[in-house]
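Chemist: following is a predicted model, sequence given first.
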Amino acid sequence: MSLPASLYSSRLRWDLAPNRLTRLLDERRSAGAALLDLTESNPTAAGFAYPSHQILAALADPRALSYQPAAAGMPSARAAVSKDYYSGRVDPGRILLTASTSEAYAFVFKLLADPGDEVLVPRPSYPLFDFLAALEAVRVVQYPLVYHSAWSIDFDALAGSITPRSRAIVLVNPNNPTGSFLKQSELGPLIALAREHNLALISDEVFSDYGLHPDQPLVHSLTAVTDVLTFCLSGLSKVAALPQLKLGWIVTGGPARECEQAFQRLELIADTYLSVGAPVQLAAPVLLGLRTRLQDQILARVRANRAFLASQLGPRSPWRLLETEGGWYAILEAPRIQSEEEWVLSLLANDGVLVQPGFFFDFEREAFLVLSLLTPEDVFHEGVRRILARAPLT
């Protein structure tokens, strides 16, 4: 009797070896080298002023000592998301709570796809999609976003990527890291394409509160879509800058009957896990009510850091700052004097500056550096100066 080749699932066949950047970063940190980290994505580590007493008091609700499971989430918490976040525009009966946006993706993939089915995801975008999909035995098929002074969906390529096994089109709105929102002119064609091929829309809207140009004709949420089955994802991680409290949600939308059927099935999935903790659900009304205090600080820093970066790039600069409409990141196109990998490694080794390369996000060409605008301003300014000094004006 032969033994199986491996005890582990094929869904976990990922290369666990650290890449060159990770190895160099570990070496620099072990040596105690000073670093300017321009990749900071954790708002709790970025120096913002949190109303800590109010947050902690909200989490101390004695009702959390009693276990009262609710598959879709506590009615009070779902009502708070509806009232305090969506201003009552979304029926609480369409809201299902999860422990995170990542778990929300897992639930929706379970709902829509059998093993081997496909979900269409944007490129460039969030690098976690491959992992989230693989853990559900779902295949990722990328469709391109194209840049011509602004990012937009390549609808011909998207349509050409659809196969009989396609189950959903994923949007990140605004995209991470391009910061591009879905345009009003793109919504109709997107819905038409989904309806034609019987596909659901999954809209990741965690950064939607961080738009930089409120006067532009952009789509900030798909919660009002009624033509096709739609799932809008968000959560406290970005909405209230509280990633450690682990509360996300799914808003189900679309034709009434399909929406009802989808929600019932999602509730069954959620009932299997019951993963959302009671303290954060009970605290949800307070936490959502405090969100603007953090959002205002974050938006002020994001705008200031972006403005500083733009101010350092004159008309003769060999660097180019790509336009963005929201989110926490800036994309800087580097001179093609070396590869992206060489750029990030040399900046870390020689200048003590940590940035992310575009290939982490599946940019189709080089060379792009991705900088977090969440970085404290003094660190960001010095890091940018060191980066730009590597290829000054000719």
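Modeler: Good, I have the coordinates.
Chemist: next, the buried residues of the biggest strand by length in the chain.
Modeler: Longest strand of the chain, by residue count under DSSP state E: strand 139-147. In terms of neighbour count (16 or more other C-beta atoms under 10 Å), strand 139-147 has its buried residues at Arg139, Val140, Val141, Gln142, Tyr143, Pro144, Leu145, Tyr147. Where you see a C-beta, it was placed from the backbone N, CA and C, and this is true even at glycine.
Chemist: what sits against the most centrally placed residue in the chain?
Modeler: The structure's the chain has its C-alpha centroid closest to Asn176; by C-alpha atoms, centre = their mean the separation is 5.4 Å. Contact analysis of Asn176 by C-beta atoms under 8 Å, 6 or more residues apart in numbering lists Ser125, Tyr126, Phe207, Gly327, Trp328, Tyr329, Phe361.
Chemist: count the neighbours of Asp215 for me.
Modeler: Per other C-beta atoms under 10 Å, the neighbour tally for Asp215 reads 6.
Chemist: host element of it?
Modeler: Assigned by DSSP states H and E, Asp215 falls within no helix or strand.
Chemist: just for this structure, where's the confidence low?
Modeler: Low-confidence segments of the chain, defined by pLDDT under 70: 1-5, 393-394.
Chemist: and the nearest residue to Ala57 once chain neighbours are set aside, how far from Ala64?
Modeler: Excluding its sequence neighbours, the residue lying closest to Ala57 (C-beta to C-beta, 6 or more residues apart in numbering) is Val286, at 7.8 Å. Separation of Val286 from Ala64 (C-beta to C-beta, to the nearest Å) stands at 13 Å.
Chemist: now Gly32
Modeler: In terms of C-beta to C-beta, Gly32 sits 42 Å off from Ala64.
Chemist: more crowded one of these two?
Modeler: For Gly32 versus Ala64, neighbours defined as other C-beta under 10 Å are more numerous around Ala64 (16 against 6).
Chemist: next, the contact list for that one, please.
Modeler: Gly277, Ala278, Pro279, Leu282.
Chemist: also Glu377?
Modeler: Arg301, Ala304, Asn305, Phe308.
Chemist: how does it look with 7 Å?
Modeler: Counting by C-beta atoms under 7 Å, 6 or more residues apart in numbering, Glu377 touches Arg301, Ala304, Asn305.
Chemist: what do you get for Pro174?
Modeler: Ser180, Phe181, Phe207, Ser208, Glu325, Gly326, Gly327.
Chemist: what about 6 Å?
Modeler: Ser180, Phe181, Phe207, Gly326, Gly327 (C-beta atoms under 6 Å, 6 or more residues apart in numbering).
Chemist: just the buried residues of these.
Modeler: So, by 16+ other C-beta under 10 Å, the buried ones in the contacts of Pro174 are Ser180, Phe181, Phe207, Gly326, Gly327.
Chemist: now the contacts of Pro174 in CSV, with secondary structure?
Modeler: CSV is the format used below for the contacts of Pro174 (DSSP: H, G, I helix; E, B strand; the rest coil):
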residue, secondary structure
Ser180, coil
Phe181, coil
Phe207, coil
Gly326, strand
Gly327, coil
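Chemist: farthest pair in those residues?
Modeler: By the measure C-beta to C-beta, Ser180 and Phe207 form the most distant pair in those, at 10.6 Å.
Chemist: what's the neighbour count on Arg123?
Modeler: 18.
Chemist: isn't it right up against Val141?
Modeler: No. In this structure, Arg123 is not within contact of Val141 by C-beta atoms under 6 Å, at 9.8 Å.
Chemist: which outside residues touch the strand or helix carrying the residue nearest to Ala57?
Modeler: Element membership for Val286 (DSSP H and E) is helix 278-289. Defining contact as C-beta under 6 Å, 6+ apart, one finds that helix 278-289 is touched by 58-59, 61, 63-64, 74, 77, 80, 84-85, 240, 245, 247.
Chemist: for stretch 137-157, same thing?
Modeler: Here stretch 137-157 has contacts from 109, 113, 115, 117-123, 129-130, 133, 158, 161, 178, 180, 186, 189, 323, using C-beta under 6 Å, 6+ apart.
Chemist: now, the residues you listed that are in strands?
Modeler: Going by DSSP E, the strands hold Glu118, Val119, Leu120, Val121, Pro122, Arg123 from the contacts of stretch 137-157.
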